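Peer 1: Everything below, folded, please.
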Amino acid sequence: MKPDDPKQKDVPTIAMLGSLPPLRALSSYCLEFSMAMADHACVSFLSFRKIYPAFLYPGGTLQEDHTFPEIVHERLRIRRFLTWYNPLTWLIEGFFTKAELLHAQWWSLPLFMIYACICLGFRLRKKPVVFTVHNVLSHERSRLFTLASGWLFRLGDHFLVHSPKNKQQLIRQYGISPKQITVIPHGPLDFHVSSKLSRQEARAKLNIKPEEKMILLFGAIRPYKGIDTAIAAFGRVLKEIPDARLVIAGKLWEDWIPYKNKIKNLNLEKHIDTFLNYIPAEMVSVFFTAADLVLLPYHHFDSQSGVGAIAVSFRKPLIVSTVGGLPELVNDPRCIVPPKDDEALAKAIVSTLMDPDRLKTMGNDAKAVAEKISWPAIAKKVLSVYKNLLRNSSDKHM
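Peer 2: As a prediction, this is how the structure comes out:
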């Protein structure tokens, strides 16, 4: 679908609340999503100068590089005005932003008061409020997050979630009507793929030999990610595939010592490489280009994965656990395993890496998944939600 004519009178004006580079948080997603929506709506993006104190977010708050693509679109206006410590900025954005509708990207408890103030400002001005609920429940199962979300959602008119499971959770946990919920997949994070790096060059940067079978665990090191299960599974894999190599890359959110001890006890130190810092955007393509296989062995999860979205963008084979929306990223049921089952995970890894034809098929499957969840398709579906809300809002005030 071609972008709408910018002179078209029925193009909606939308305020988008979230984060953009150089902030971390949801910036990759918001960057792709806002650019896609700007093809069909006039978007004012309400971002942050200071999003929250660093001690509240162990992953850090700022990117350490400047390799994100320049954000340029004739219908996208960006305001980096909000600060966590100045409620006046919240009031200004909530009560004075000129837009027909607010679309808030919700994911983090420390942002509750800011979001509540801005959403309330739009509601008091009789403007519809849409939430994309990235985490129906917090990864750490915080009761406070659930309580805050429940209060915040009272200000919402419509809710977007990334998987059918999320829709059922939203209905069950918060009593939201199914008619108010639309399932919108997490789009691929394509901008990382712009690098022209070859597999050989990527491996040279990571000191991975061309003949080694590289398995990648990527993203923040957090308890629910199943890294312990992956390490145990890799010990089994190595017995079948001696030239396998596990690469773990991501910012630490917890103590690494238990994982280090597990690696040592299994005598895997020479076969596992760790990069335990924030991975700058310019290095993301290096890890994914070098990898033969990507793992998402999460213990529990209730949404869709940004790491998975990157993997399908790179057409990489994925092995995932049966939690949240992860199975939707994989077409081969042999690559979907129970959580916390290192034996099943090892079996899936070995059978995949030992079968070149299967690896090729899984790469093609990833391409098909990426096309299915393309940003133009997502934008078209979200635009329909906007227009229905604005139509209903107009009818109420006639």
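
Peer 1: Just the residues contacting stretch 85-92, thanks.
Peer 2: Residues from elsewhere that reach stretch 85-92, judged by Cβ atoms under 8 Å, 6 or more residues apart in numbering: Lys50, Phe81, Leu82, Thr83, Met113, Ile114, Cys117, Ile118, Gly121. The way it works is simple: take the backbone N, C-alpha and C, and place the C-beta from them, glycine included.

Peer 1: any idea of the mean pLDDT in that stretch?
Peer 2: The pLDDT scores in stretch 85-92 average 97.

Peer 1: again with stretch 113-133
Peer 2: Across stretch 113-133, pLDDT averages out at 98.

Peer 1: got it, and stretch 186-203?
Peer 2: Here the average pLDDT along stretch 186-203 is 84.

Peer 1: mind checking the end-to-end distance for it?
Peer 2: 28 Å (Cα to Cα, to the nearest Å).

Peer 1: contact partners of that stretch?
Peer 2: In contact with stretch 186-203 (Cβ under 8 Å, 6+ apart) are residues 28-29, 31-33, 36, 68-69, 162, 209-210, 212, 214, 281-282, 284-290, 303-306, 308-310, 312-314, 325, 370, 373-375, 378.

Peer 1: try stretch 227-245
Peer 2: Under Cβ under 8 Å, 6+ apart, the answer for stretch 227-245 is 208-209, 211-215, 217, 221, 246, 248, 258-259, 262-263, 266, 268, 271-273, 295, 297, 299, 339-343, 345-346, 349-350, 353-354.

Peer 1: Next up, the contacts around Cys335.
Peer 2: Pro317, Leu318, Ile319, Val320, Ala348, Thr352, Met362.

Peer 1: Looks like the second one contacts Gly308 (just checking).
Peer 2: Yes. Under the criterion of Cβ atoms under 8 Å, Leu318 makes contact with Gly308 at 6.5 Å.

Peer 1: Taking the centroid of this protein, which residue is nearest it?
Peer 2: For the chain, the residue sitting closest to the mean C-alpha position, by Cα atoms, centre = their mean, is Gly306 at 2.9 Å.

Peer 1: distance of that one from Ala15?
Peer 2: As for Gly306, its distance to Ala15 is 23 Å (criterion: Cβ to Cβ, to the nearest Å).

Peer 1: re earlier: among the contacts of stretch 227-245, which ones are in helices?
Peer 2: Those of those mapping onto helices are Pro258, Tyr259, Lys262, Ile263, Asp342, Glu343, Leu345, Ala346, Ile349, Val350, Leu353, per DSSP state H.

Peer 1: which of these lies closest to Val130?
Peer 2: Leu345 (37.5 Å; Cβ to Cβ).

Peer 1: For that closest one, report the pLDDT, please.
Peer 2: 98.

Peer 1: re the thing from before, of the contacts of stretch 85-92, which is the most crowded?
Peer 2: Counting neighbours by other Cβ atoms under 10 Å, Ile118 leads these with 27 neighbours.

Peer 1: Surely that residue touches Leu102?
Peer 2: Yes. Assessed by Cβ under 8 Å, Ile118 is found in contact with Leu102 at 7.1 Å.

Peer 1: State which helix of the protein is the longest.
Peer 2: helix 375-396.

Peer 1: And the average pLDDT for it is what?
Peer 2: Rounded mean pLDDT across helix 375-396 is 91.

Peer 1: Give the buried residues for that helix.
Peer 2: Trp375, Ala377, Ile378, Ala379, Val382, Leu383, Val385, Tyr386, Leu389, Leu390 (16 or more other Cβ atoms under 10 Å).

Peer 1: Please identify every residue contacting each of Ile118 and Leu102.
Peer 2: With Cβ under 8 Å, 6+ apart as the test, Ile118 and Leu102 both reach Leu17.

Peer 1: Can you show me the strands along the stretch 201-350 of the chain?
Peer 2: For the stretch 201-350 of the chain, the strands defined by DSSP state E, counting those that start in this stretch cover 213-218, 244-249, 272-275, 293-296, 318-321, 336-337.

Peer 1: what residues does the shortest one touch?
Peer 2: In other words, strand 336-337. With contacts defined as Cβ under 8 Å, 6+ apart, strand 336-337 is touched by Pro297, Ile319, Val320, Ser321, Thr322, Leu326, Pro327, Val330, Ala344, Leu345, Ala348.

Peer 1: next one: the third one
Peer 2: By Cβ under 8 Å, 6+ apart, the list of residues contacting strand 272-275 from outside reads 206-208, 231, 234, 245-250, 263, 287.

Peer 1: Give me the distance from that strand to the chain's centre.
Peer 2: The gap between where strand 272-275 is centred and where its chain is centred comes out at 23 Å by Cα atoms, centre = their mean, to the nearest Å.

Peer 1: Same check on the second one?
Peer 2: Strand 244-249 has its C-alpha centroid displaced from the chain centroid by 22 Å (Cα atoms, centre = their mean).

Peer 1: try stretch 75-90
Peer 2: 22 Å.

Peer 1: Next, the buried residues of that stretch.
Peer 2: Residues of stretch 75-90 classed as buried by neighbour count (16+ other Cβ under 10 Å): Arg75, Leu76, Arg79, Leu82, Thr83, Trp84, Thr89, Trp90.

Peer 1: Mind telling me the two of these farthest from one another?
Peer 2: Arg75 and Trp84 (28.4 Å).

Peer 1: What subset of the contacts of stretch 227-245 is buried?
Peer 2: If we count by 16+ other Cβ under 10 Å, the contacts of stretch 227-245 have these buried: 208, 212-215, 217, 221, 246, 248, 259, 263, 266, 268, 271-272, 295, 297, 299, 339-342, 345-346, 349-350, 353.
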